[in-house]
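1. okay, predicted coordinates and the sequence, questions at the end:
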Amino acid sequence: MPSRELPPPPPPAHLREWLDEGVVRADRARFLADLSRRSLGPGRLLSLWGVAAAFALGWTFVGLAVMSFASGGPLEYLVGAVHSVIALGVLVPAGLCFARGARRERQVRQLLCAWVVAGRDPETDARLRAPARSLVWLVASLVLGASGLWMAFASAAGARPGTDTYGEVAYFMGFGMILWITALLGLAKTATHYRWALRTTHPGPPDAPRPTPSGAAAQSGPVRRKSSLAGV
C-alpha cells in the first residue's frame, strides 16, 4: 500500500463472520498501527508546524507591506504592493494545505474508530495509547504556546511611543498568536487522542440484560443451545 494511501475500511460485520479470524486480527493490528502513526506521528507534527511556518511567513510579508505603506513614499507604496502580492501567494496555499490536512485528519480518525470496533485485541489496543508520541506532542505544544504568548504580550507591553510603530507591534503580536494557536491545536489533539485511547483500552462494562417474561420462562425450563448460524 502506498504511503499516501489510507488503509481500507473494515469489512461489514456480517462478512467478518465468514472470514478467517487470524487474518482479520492481523489486518486490524497493521492498519491501526499505520493509522495511529499518521494521526500522532512526528510527520503529522512537522506537517502542522510547516503550515504554521507558512502562515508566519505570509504574516511577515503582511507586516512588511503595512510598514511600507506607513512610510508614505511612492517607492514604498510599490514595495508594499509587492509584499502584499507575495503575502497573498503564501497565505492562500497555506490555508488550502490546512483545510486539506484537517479533512485528512477526519478521515484517519473515522478509520481508526471503525477498525477499533471491528474486534478486540488487548495487545494491539494497548499500543494505541502511544505515550511517547503523546508526550512529544504535549511538550512541544507547551513550549510553542509559551513562546507565542511571551512574544505577543511582551511586544505589546514593551512598546514605546516614538520608538516602536503600530505596524511592528501588530506584526509581533500576530506572529505570537500564530504560534499560540498552533500550540492550542497540538494540545487539543493530544487531549482528544488521550480520551479516545482511554475509551478504547478501557471499554465500559456491557449493559446487563433486562429480564423479560419470555426470558424468565426460558431460564426456568431446560437450557437449549442454538447454533451461531441460527439467525442467518
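-> Now that the structure is in, tell me what you want to look at.
2. where are the low-confidence patches of the chain?
-> Flagging of the chain using pLDDT under 70 yields the residue ranges 1-4, 16-17, 159, 162-165, 201-232.
3. which one's the longest helix in it?
-> Longest helix in the chain, counting residues (DSSP state H): helix 74-116.
4. so which bits of stretch 117-136 are buried?
-> 118-119, 124-125, 128-130, 133-134, 136 (16 or more other Cβ atoms under 10 Å). C-beta here means a position set from N, CA and C on the backbone, and glycine is covered the same way.
5. got it, and stretch 19-26?
-> Buried residues in stretch 19-26 (16+ other Cβ under 10 Å): Val24.
6. just stretch 106-115 next, same as before
-> 108, 111-112, 115.
7. ok now the longest helix of the chain, how far from the chain's centre?
-> 15 Å (Cα atoms, centre = their mean, to the nearest Å).
8. picking that back up, pick out the most distant pair among the buried residues of stretch 106-115.
-> Distances among the buried residues of stretch 106-115 were taken as Cβ to Cβ; the most separated pair is Val108 and Trp115, at 10.7 Å.
9. which neighbours do those two have in common?
-> Common neighbours of Val108 and Trp115, using Cβ atoms under 8 Å, 6 or more residues apart in numbering, are Leu35.
10. now Leu128: how far from Asp20?
-> Separation of Leu128 from Asp20 (Cβ to Cβ, to the nearest Å): 23 Å.
11. please, which helix or strand holds the residue sitting nearest the centre point of the chain?
-> Geometric centre of the chain, nearest residue: Lys189, 4.9 Å, by Cα atoms, centre = their mean. Here Lys189 sits within helix 166-201, counting by DSSP states H and E.
12. Asp125 and Val116 touch, don't they?
-> Yes - using Cβ atoms under 8 Å, Asp125 is in contact with Val116, at 7.4 Å.
13. what's the overlap in contacts for those two?
-> Thr200.
14. so how far is Leu144 from the closest residue to Ala52 other than its chain neighbours?
-> What sits nearest to Ala52 in space, not counting adjacent residues and going by Cβ to Cβ, 6 or more residues apart in numbering, is Thr182, at 4.1 Å. Per Cβ to Cβ, Thr182 is found 6 Å from Leu144.
15. give me the common contacts of those two.
-> Trp49.
16. and Trp180, what does it touch?
-> Counting by Cβ under 8 Å, 6+ apart, Trp180 has contacts 144-145, 148-149, 152.
17. now with 10 Å?
-> 144-152 (Cβ atoms under 10 Å, 6 or more residues apart in numbering).
18. okay if I get these as JSON lines plus distance to Phe172 and neighbour count?
-> JSON lines is the format used below for the contacts of Trp180 (distance: Cβ to Cβ, whole Å; neighbours: other Cβ atoms under 10 Å):
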{"residue": "Leu144", "distance to Phe172": "16", "neighbour count": "23"}
{"residue": "Gly145", "distance to Phe172": "16", "neighbour count": "20"}
{"residue": "Ala146", "distance to Phe172": "16", "neighbour count": "13"}
{"residue": "Ser147", "distance to Phe172": "12", "neighbour count": "14"}
{"residue": "Gly148", "distance to Phe172": "11", "neighbour count": "22"}
{"residue": "Leu149", "distance to Phe172": "12", "neighbour count": "15"}
{"residue": "Trp150", "distance to Phe172": "11", "neighbour count": "13"}
{"residue": "Met151", "distance to Phe172": "6", "neighbour count": "19"}
{"residue": "Ala152", "distance to Phe172": "7", "neighbour count": "20"}
